[in-house]
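Asks: how does the following fold in three dimensions:
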Amino acid sequence: MFVGIDAGSSYIKIAVIEKSSSIQLKKIPTIPGYTEAIEEALPPNPRGILVTGYCRKTLSQRLNCPSISEIKAHATGVKRLIPDAKTVIDVGGQDSKIIKLSETGFSDFVMNDRCAAGTGRFLEMVAARLNTSVSELSLLAEGKKKDIKISSMCAVFAESEVVSLLAQEERREDIAFAAFDSITERIASFARGFGITPPVAVTGGLALSPVFVRLLQEKVSTPLIVPPEPQFTGAIGCAFIALSFQS
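Replies: Residues are numbered from 1 along each chain as shown. Okay, the predicted model is just below:
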């Protein structure tokens with residue numbers, strides 16, 4: 001068995017493959033004690049382990065295994081799942097990335113890791129203010145009736161806008177939709193500035209949100225493909241690279 005681990009800021013994603021057949025997926029919250037939880041989740045005597053992501057240095061030392069960049073991991077994972085893909089838009093908890101794919105991996109990338117307004121962290125802040133979870137925030141946004149805007153470019157000021165909207169007794173559903181509209185506009189602007197070539201895959205946990213994908217697709221003006229289990233593409237990429245090391 002070969003193991004790929006994507007150590008994100010919110011969740012640790014684990015992919016286990018046996019040769020090139022079935023893939024087993026597991027997810028563990030990134031909370032104190034996560035290294036012990038990962039060790040318990042690993043299959044006995046794996047032939048190879050490869051890690052990537054936010055906590056990869058810690059895990060690489062703990063598990064005595066190599067690590068690779070998130071860019072290479074996501075590029076490999078997406079190419080395995082969507083062979084024709086030319087671009088990846090990946091939105092994580094702490095950063096967002098645009099990756100241009102090539103036949104052998106990736107040719108270029110750009111990363112936004114300085115502004116939370118274009119990452120999952122922004123929606124976590126909004127969800128907390130609306131007393132809900134990020135997954136429930138998407139369902140809440142489906143009930144939008146009124147168009148309102150969150151215009152601040154900074155996540156901190158945007159959170160203040162949310163507080164003001166609540167004070168004005170705006171509906172939670174409308175605020176939730178405005179939050180998705182705001183984050184997708186920032187990501188789309190980021191993508192347009194860098195340039196994207198279809199087919200375009202969108203990955204990360206937010207790719208599970210129909211509202212997020214629909215709004216982002218409208219703003220980048222090209223169809224978006226969501227791979228199976230989009231939050232696991234980095235882990236899947238690591239697992240297949242670990243397998244290739246033994247080939």
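Asks: what residues does stretch 134-149 touch?
Replies: Outside stretch 134-149, the residues that touch it by Cβ atoms under 8 Å, 6 or more residues apart in numbering are 120, 123-124, 126-127, 130, 132, 165, 170-182, 205-206, 208-212. Where C-beta positions appear, they are placed from N, C-alpha and C, glycine not excepted.
Asks: tell me which element the closest residue to Pro210 other than its chain neighbours falls in.
Replies: Leaving out its chain neighbours, the residue that sits closest to Pro210 by Cβ to Cβ, 6 or more residues apart in numbering is Ser138, at 6.8 Å. In this assignment (DSSP states H and E), Ser138 forms part of helix 134-141.
Asks: what comes up buried for that helix?
Replies: Buried residues in helix 134-141, defined by neighbour count with 16 or more other Cβ atoms under 10 Å: 134, 137-138, 140-141.
Asks: and what of stretch 162-171?
Replies: Buried-residue list, stretch 162-171, by 16+ other Cβ under 10 Å: 162, 165, 171.
Asks: reformat these as a markdown table; add pLDDT.
Replies: Listed next are the buried residues of stretch 162-171 as a markdown table, based on pLDDT from 0 to 100:
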| residue | pLDDT |
| --- | --- |
| Val162 | 89 |
| Leu165 | 93 |
| Arg171 | 95 |
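Asks: Lys219: which of these is nearest?
Replies: Nearest to Lys219 out of the buried residues of stretch 162-171 is Val162 (Cβ to Cβ; 20.7 Å).
Asks: show the contacting residues for the closest residue to the closest one other than its chain neighbours.
Replies: In space, and not counting its chain neighbours, Val162 is closest to Arg129: 4.9 Å by Cβ to Cβ, 6+ apart. Applying Cβ under 8 Å, 6+ apart, we find Arg129 in contact with 159, 162-163, 166.
Asks: mind checking pLDDT for the residue nearest to the spatial centre of the chain?
Replies: For the chain, Gly204 is the residue whose C-alpha lies nearest the centre (Cα atoms, centre = their mean; 2.2 Å). pLDDT recorded at Gly204 is 92.
Asks: in the sheet, who's paired with the nearest residue to it once chain neighbours are set aside?
Replies: Counting by Cβ to Cβ, 6+ apart, Val91 is the residue found nearest to Gly204 once chain neighbours are left out, at 4.2 Å. For Val91, the beta-bridge partners are Ser96 (DSSP bridges).
Asks: against Leu63, how distant is Val91?
Replies: 27 Å (Cβ to Cβ, to the nearest Å).
Asks: ok, those two, which is more surrounded?
Replies: Using other Cβ atoms under 10 Å as the criterion, Val91 and Leu63 rank with Val91 on top: 26 against 19.
Asks: what pLDDT does the model give that one?
Replies: pLDDT, Val91: 91.
Asks: do the one 5 residues further on as well
Replies: According to the prediction, Ser96 has pLDDT 88.
Asks: surely it meets Met111?
Replies: Yes - here Ser96 reaches Met111: they are 7.3 Å apart, a contact under Cβ atoms under 8 Å.
Asks: so between those two, which is more surrounded?
Replies: The neighbour comparison of Ser96 against Met111 (other Cβ under 10 Å) goes to Ser96, with 25 against 15.
Asks: now stretch 30-48 - C-alpha only, CSV.
Replies: In CSV, the C-alpha atoms belonging to stretch 30-48 read as follows (Å, rounded to 0.1, in the frame of the first residue of the first chain):
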residue,chain,number,x,y,z
THR,A,30,-6.1,19.5,12.1
ILE,A,31,-6.3,19.9,15.9
PRO,A,32,-3.9,19.2,18.7
GLY,A,33,-3.0,15.5,18.6
TYR,A,34,-3.4,15.2,14.8
THR,A,35,-0.1,13.4,14.4
GLU,A,36,-1.2,10.6,16.7
ALA,A,37,-4.5,10.4,14.9
ILE,A,38,-2.7,10.1,11.5
GLU,A,39,-0.5,7.3,12.8
GLU,A,40,-3.6,5.4,13.9
ALA,A,41,-5.2,5.9,10.5
LEU,A,42,-2.3,4.6,8.5
PRO,A,43,-2.4,1.0,7.1
PRO,A,44,0.1,-1.4,8.6
ASN,A,45,3.5,-1.4,6.9
PRO,A,46,2.9,0.8,3.9
ARG,A,47,5.5,0.6,1.2
GLY,A,48,5.7,4.3,0.7
